[in-house]
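Novice: Sequence first, then the predicted structure, then my questions.
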Amino acid sequence: MRMVDVLEKKRDGLELTKEEIEFVIEGYTNGEVPDYQMSAFLMAVYFQDMTTEERVNLTKAMVESGDQVDLSEIDGVKVDKHSTGGVGDTTTLILAPLVAAVGVPVPKMSGRGLGHTGGTVDKLESIAGFQVEIEPETFIELTNKNKVAVVGQSGNLTPADKKIYSLRDVTATVNAIPLIASSIMSKKIASGADAIVLDVKTGSGAFMKTLEDSKELAHAMVQIGNGAGRETIGVISDMNQPLGFAVGNALEVKEAIDTLRGEGPVDLHELCLELGSRMVYLGKKADSIEQAKEMLEEAINSGKAIETFKTMITAQGGDASIVDAPEKLPKSSYTFEVEAKEDGFVSEIIANEIGIAASLLGAGRLTKESEIDLAVGLVLNKKIGDEVKKGESLVTIHSNREDVKDVIDKIYGSYSVSKEKIEKKPLIYDVIYE
């Protein structure tokens, strides 16, 4: 078999066999297929799509490219959660300890930043000493002991996905449905969870801009998950503006701490309850979504959620004192206020542009080799529907450089202010079961 023949077939929109897909994935993983041919394959898939069978075979090939974590030594139903990424999406930082606090084991594998977002792993690394690269054995041990552990993708789990994930970032193939679905589900399946809750974003700040595309992605992933014997639910949530107030790495860790204390932004709190309650329900710790929500509220109010976060940080070598002293987190050298130019109501915030603004400061990754600045980012002081007076701060910029004109221009370009108050969009659009 030759890679060029497979490329030709997919370029022309034909269905690839299981063997052809395995040939591509195995070849790329072991270095026989070079980056430039894999880039061509990714672009062909981007334009020609894949059938459900191809997607399942792609996912399985990626799972089989490396080790599979055996979580059978962990008691209970292991539940995982994944977000398709957005701007200011701090949910994993909150949900892992929150759901663990009510007794559901959460063995969590997370990626690094793609495009304008810092990944969960990047955010956690803003906590001094926090180790995300831990051995599978340690991962199991910590989850058993504390009900929660968060790791970056290890060298032996889905190595094919690890290579492809980085390449998609720099070849403009991040938002192809079969690639997103297989990437996410291969990690979920290889990491051994029994049940999976997917947070599929929709809107200007999501990879999927339209509700139709988001539903297509949710169905694709839920079908792969259920087909692989993992009970999977997809929740479609709004990303037409950034979630919460913070966009950055250390800034989002602080916001996660606030939310675990019950003092966080309303939208972030609500989304964590929607996703978390489904995790608790699939984890068989509650008989209904409503009961699960009440359990999570109680964990926040009693302080159990924040204590679980501290335990998780300490267990992975991090400095848990940042929970009570968030000023110890990385801090930027400068802050600047972006002031409103007129009175009115915020009618639009283009989340994607806010993401790019944060990325310009160094909060995101522009190429595979980019270093992330953990201290920088943005804090939104006004969200859609909020009243604003001329001269009031729309956004606070946290920067390590003095000249931020490019960032200010981006922020002004992303905010719209109208005379009339506009209706807020719903936070949850749909829940997908098949």
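Specialist: Looks like it came in fine. Numbering: from 1, shown residues only.

Novice: Tabulate the CA atom coordinates of stretch 186-203 in PDB.
Specialist: What follows is stretch 186-203, C-alpha atoms only, in PDB (Å, rounded to 0.1, in the frame of the first residue of the first chain):
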ATOM      1  CA  SER A 186     -10.000   8.200  20.900                       C
ATOM      2  CA  LYS A 187      -8.600   9.900  24.000                       C
ATOM      3  CA  LYS A 188     -11.800   9.200  25.900                       C
ATOM      4  CA  ILE A 189     -11.900   5.500  24.900                       C
ATOM      5  CA  ALA A 190      -8.100   5.000  25.500                       C
ATOM      6  CA  SER A 191      -8.300   6.700  28.800                       C
ATOM      7  CA  GLY A 192     -10.700   4.000  30.000                       C
ATOM      8  CA  ALA A 193     -13.700   6.000  31.400                       C
ATOM      9  CA  ASP A 194     -17.000   4.100  31.500                       C
ATOM     10  CA  ALA A 195     -19.200   7.100  30.700                       C
ATOM     11  CA  ILE A 196     -18.600  10.400  29.000                       C
ATOM     12  CA  VAL A 197     -20.200  13.800  29.100                       C
ATOM     13  CA  LEU A 198     -19.400  16.000  26.100                       C
ATOM     14  CA  ASP A 199     -19.700  19.800  26.200                       C
ATOM     15  CA  VAL A 200     -20.100  20.800  22.600                       C
ATOM     16  CA  LYS A 201     -19.800  24.500  22.100                       C
ATOM     17  CA  THR A 202     -21.700  26.500  19.600                       C
ATOM     18  CA  GLY A 203     -21.400  30.200  18.400                       C
END
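
Novice: any idea how far that stretch is from the chain center?
Specialist: 10 Å (C-alpha atoms, centre = their mean, to the nearest Å).

Novice: For that stretch, what does the pLDDT average out to?
Specialist: Per-residue pLDDT over stretch 186-203 has a mean of 91.

Novice: Ok, stretch 8-27 next?
Specialist: Per-residue scores along stretch 8-27 average to 98.

Novice: For that stretch, list every residue counted as buried.
Specialist: Across stretch 8-27, burial judged by 16 or more other C-beta atoms under 10 Å covers K9, K10, L16, E20, I21, E22, F23, V24, I25, G27. Heads up, the C-betas are built off the backbone N, CA and C, glycines and all.

Novice: These in helices, which ones?
Specialist: Among the buried residues of stretch 8-27, the members found in helices (DSSP state H) are K9, K10, E20, I21, E22, F23, V24, I25, G27.

Novice: can you redo those as JSON lines with distance to S182?
Specialist: As requested, these are exported to JSON lines (distance: C-beta to C-beta, whole Å):
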{"residue": "K9", "distance to S182": "18"}
{"residue": "K10", "distance to S182": "14"}
{"residue": "E20", "distance to S182": "15"}
{"residue": "I21", "distance to S182": "10"}
{"residue": "E22", "distance to S182": "13"}
{"residue": "F23", "distance to S182": "16"}
{"residue": "V24", "distance to S182": "12"}
{"residue": "I25", "distance to S182": "10"}
{"residue": "G27", "distance to S182": "16"}
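
Novice: Which of those residues sits closest to Q131?
Specialist: Distances from Q131 to these, taken as C-beta to C-beta, are shortest for I25 (29.1 Å).

Novice: Spell out which residues sit in contact with that closest one, please.
Specialist: Residues near I25 by C-beta atoms under 8 Å, 6 or more residues apart in numbering: L58, A61, M62, S65, A160.

Novice: Make sure the third one is actually in contact with D161.
Specialist: Yes. Judged on C-beta atoms under 8 Å, M62 makes contact with D161 at a distance of 5.0 Å.

Novice: between these two, what contacts are shared?
Specialist: In contact with both M62 and D161: S182, S183, S186, using C-beta under 8 Å, 6+ apart.
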